[in-house]
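Enquirer: Output the structure for:
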Amino acid sequence: MSFIFSTHALHPAAEAMLKAAGNLCIASAPDPETLLREGRGAEIVIVRAPIPPAFFDDAPALRAAVRHGAGLDMIPIDVATRAGVLVANVPAVNAPTVAEHVFMVTLALLRQFRPMDRDLRASGWAAGRGHSDRAVDLGGRTIGIIGMGNVGKAIFKIAKYGFGMEVIANSRSPEGLPEDVRFLSLDDLVSTADIVVLCCPLTPETTDLLSRARIARMKPGAILVNVSRGPVVEDAALIEALREGRIGGAALDVFSTQPLPLDHPYFTFDNVIVTPHLAGITEESMMRMGTGAAGEVLRILKGDLPVNLRNPEVVDRYRRRFPA
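Expert: Numbering: from 1, shown residues only. So this is what the prediction gives:
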């Protein structure tokens, strides 16, 4: 039977699909050493944790790395391509889930949820209610979306047609923006938006995209929401801006170091919401991502190419390794 290896457990529906097609093995831990040891000999790896480049060395059986989700930064695509290994992902399926998270945390910050809830529980009704003096509406504000892929477009729809917000955006493909979105340069966007949302992929170009200089351009009450990747933000500059009260707050789901250490400064701010990289994770999205990844695995095991192939230049080499 085919050896299918996953860095993490999957939705039961996905695991059932895979167990019907082969021998599914779930890693006992997602660290590089464990993945290398337990994944040796796999034909397919399903990726929910960073895959070390050495995984692709001396791996004659390895056909594909299939990302459980959209982001490809966990897979060393160049290394996989040189090894003749297909790389696929499952785009778009968790975009609505991430968009819902963006508005959940944005509203929580604007309505002072964290200090209100804390003081209500600790000091009573009046103490909690007092925070309403600093609460503000979301409707009518300007949201700036950096990265207008599937997640960015899902955020746009809710912002524009749900809350009546003005939407500005920056994208690598301005010509693909929806009609009701105004394109701005990054510097102009961060200085105009009341809420800045990062949902761009992590690339060399987007590393430290929200730099010290751009954070300094943000409006005094502006909120930053990061559902992209941690290294897109210059952490030291953001912490400094929060300490000095130069921005309104931040909601961060991703970090340069994960798990985030419990003594990290982000935990000390009332106006920072920290979540453990779960913006795209719900019961429903896990089923969509899991069954989507499993579907790609089944196609590959049948000899077909994945629908969402992300390194098409590998096909000739792959076919020499595994003739159809």
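
Enquirer: list the contacts for the residue of the chain most remote from its centre?
Expert: Centroid-distance maximum for the chain: Ala126 at 38.2 Å, with C-alpha atoms, centre = their mean. Not one residue lies near Ala126 by C-beta atoms under 8 Å, 6 or more residues apart in numbering. Every C-beta, even on glycine, is put in place using the N, C-alpha and C of the backbone.

Enquirer: if I look at it, how far off is Leu120?
Expert: 9 Å (C-beta to C-beta, to the nearest Å).

Enquirer: what do you get for Tyr266?
Expert: For Tyr266 relative to Leu120 (C-beta to C-beta), the value is 23 Å.

Enquirer: now swap in Arg129 and tell me
Expert: Taken as C-beta to C-beta, the span from Arg129 to Leu120 is 8 Å.

Enquirer: Mind checking which of the two has more residues around it?
Expert: Leu120 (16 against 12; other C-beta atoms under 10 Å).

Enquirer: Roughly how far does the more buried one sit from Gly130?
Expert: For Leu120, the distance to Gly130 - C-beta to C-beta - is 10 Å.

Enquirer: same thing with Lys160?
Expert: 33 Å.

Enquirer: before we move on, what about Arg114?
Expert: 14 Å.

Enquirer: just Leu298 next, same as before
Expert: 57 Å.

Enquirer: Comparing those two, which shows the higher neighbour count?
Expert: Using other C-beta under 10 Å as the criterion, Leu298 and Gly130 rank with Leu298 on top: 19 against 15.

Enquirer: now that one, what's its secondary structure?
Expert: helix (DSSP: H, G, I helix; E, B strand; the rest coil).

Enquirer: Neighbours of the nearest residue to it once chain neighbours are set aside, how many?
Expert: If the residues on either side of it in the chain are set aside, Leu298 comes closest to Ala21, at 5.6 Å by C-beta to C-beta, 6 or more residues apart in numbering. When neighbours are counted by other C-beta under 10 Å, Ala21 registers 16.

Enquirer: just Ala236 next, same as before
Expert: Going by other C-beta under 10 Å, the residues that sit close to Ala236 add up to 10.

Enquirer: Helix, strand, or coil at it?
Expert: Quick answer, by three-state DSSP: Ala236 is helix.

Enquirer: Just the element for the residue nearest in space to the middle of the chain, please.
Expert: In the chain, the residue lying closest to the centroid (C-alpha atoms, centre = their mean) is Ser228, at 4.7 Å. Secondary structure assigned from DSSP states H and E places Ser228 in neither a helix nor a strand.

Enquirer: Just to check, it is in contact with Leu210?
Expert: No. In this structure, Ser228 is not within contact of Leu210 by C-beta atoms under 8 Å, at 9.2 Å.

Enquirer: now the residue nearest to the residue nearest to the centre of the chain when sequence neighbours are not counted: how far from Val98?
Expert: Leaving aside its sequence neighbours, Ser228 sits nearest to Leu198 (C-beta to C-beta, 6+ apart; 4.1 Å). Here the criterion is C-beta to C-beta. By it, Leu198 lies 11 Å from Val98.
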